[in-house]
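Enquirer: The following comprises the amino acid sequence and a computationally predicted model.
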Amino acid sequence: SNNLMAGKRGLIMGLANDKSIAWGIAKALADAGAELAFSYQGEALKKRVGPLAGELGSDILIECDVADSGSIDTLFDTLKEKWGKLDFVVHAIGFSDKSELRGRYVDTSRDNFAMTMDISVYSFTAVCKRAADMMTEGGSLLTLTYYGAEQVMPHYNVMGVAKAALEASVKYIAEDLGKDGIRCNAISAGPIKTLAASGIGDFRYIMKWNELNSPLRRNVTQEEVGKAALYLLSDLGSGTTGETLHVDAGYHVVGMKAVDAPDI
Ligand code: NAD
């Protein structure tokens, strides 16, 4: 453990269970001395999130469905009453109908396109606006993205288009809030087996492909994403904003893996 986050207070959004990327991040932050609050989506998740929050010494659990602006308002009103000031937010939320996370992107429906963009992209902007009002001494905002924003990945489809928009919004938010000492970044995580990931077609195969073809020849863990988040959310990242940091065992740099080529 270290003291990188001593005296800092932050909100974790998107914890569903102990496989969530948000859990890896929350553990790294708590280990570094941060004080945490958690938002959860709906009563069903409360019984999972409550004990996990408790493990990290937090008893601040606030319901928030990011599809509802009133619910986001209530979240930040509640937090403001408890804490006044805020230092960081982790947004680890994304959603699309899993029937459209397979097959062709071109078949995406208007309704699911709008819903995917609303929950996976707009919600981060809506959260940043409210969080910034509480970041009176500067702050750091973080979201999660995936390589499917940059290059076509099988089955990622509308979520890839949404992540591209999310990465663009990180840059715009970084510019808007930078003058107030607030940084905004994304982590582009390699594939990790979570609840959300299990909705993606052939996800096991995608993980195997990444393991075989990334420079480190393995997949990344939630703990590794947690360590990168600690960098971006702590003073270590004080010079970094508008960035998408890849934590993907290097997969994003590979054009073609070096192998012993056959004679042709
Ligand atoms: P997860 O299922 O553990 O977390 C997804 C979270 O989104 C859940 O906590 C869920 O409650 C929340 N959520 C969905 N709709 C919501 C709504 N309307 N309101 C509030 N919360 C809502 O899965 P995860 O893989 O940890 O996902 C976290 C983030 O990481 C997502 O943005 C995902 O796209 C991203 N990501 C995941 C991977 C991966 O391979 N798992 C890779 C790169 C990026």
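Expert: Received it, and whenever you're ready, just let me know what you need. Residues are numbered from 1 along each chain as shown.

Enquirer: give me the beta-bridge partners of the residue lying closest to Glu224 once chain neighbours are set aside?
Expert: Distance criterion C-beta to C-beta, 6 or more residues apart in numbering; nearest residue to Glu224, sequence neighbours excluded, is Val247 at 5.8 Å. Any C-beta I mention is one placed from the backbone N, CA and C, and that applies to glycine too. Applying DSSP bridges to Val247 yields these beta-bridge partners: Ala189.

Enquirer: Quick one: residues contacting Val247.
Expert: For Val247, the residues meeting the contact criterion (C-beta atoms under 8 Å, 6 or more residues apart in numbering) are 187-190, 220, 224-225, 228.

Enquirer: cool, His246 as well?
Expert: Counting by C-beta under 8 Å, 6+ apart, His246 has contacts 147, 187-188, 252.

Enquirer: what about 6 Å?
Expert: Contacts for His246 were tallied using C-beta atoms under 6 Å, 6 or more residues apart in numbering; they are 188, 252.

Enquirer: what helices or strands is the host helix or strand of Arg183 leaning on?
Expert: Taking DSSP states H and E as the definition, one finds Arg183 inside strand 182-189. Secondary structure elements in contact with strand 182-189, counted by 3 or more C-beta pairs under 6 Å, 6 or more residues apart in numbering; DSSP states H and E, are strand 139-145, helix 157-178, helix 222-233, strand 244-247.

Enquirer: Just grab the bridge partners of the residue lying closest to Lys85 once chain neighbours are set aside for me.
Expert: Distance criterion C-beta to C-beta, 6+ apart; nearest residue to Lys85, sequence neighbours excluded, is Thr136 at 5.3 Å. On DSSP bridges, the residues paired with Thr136 through beta bridges are Gly138.
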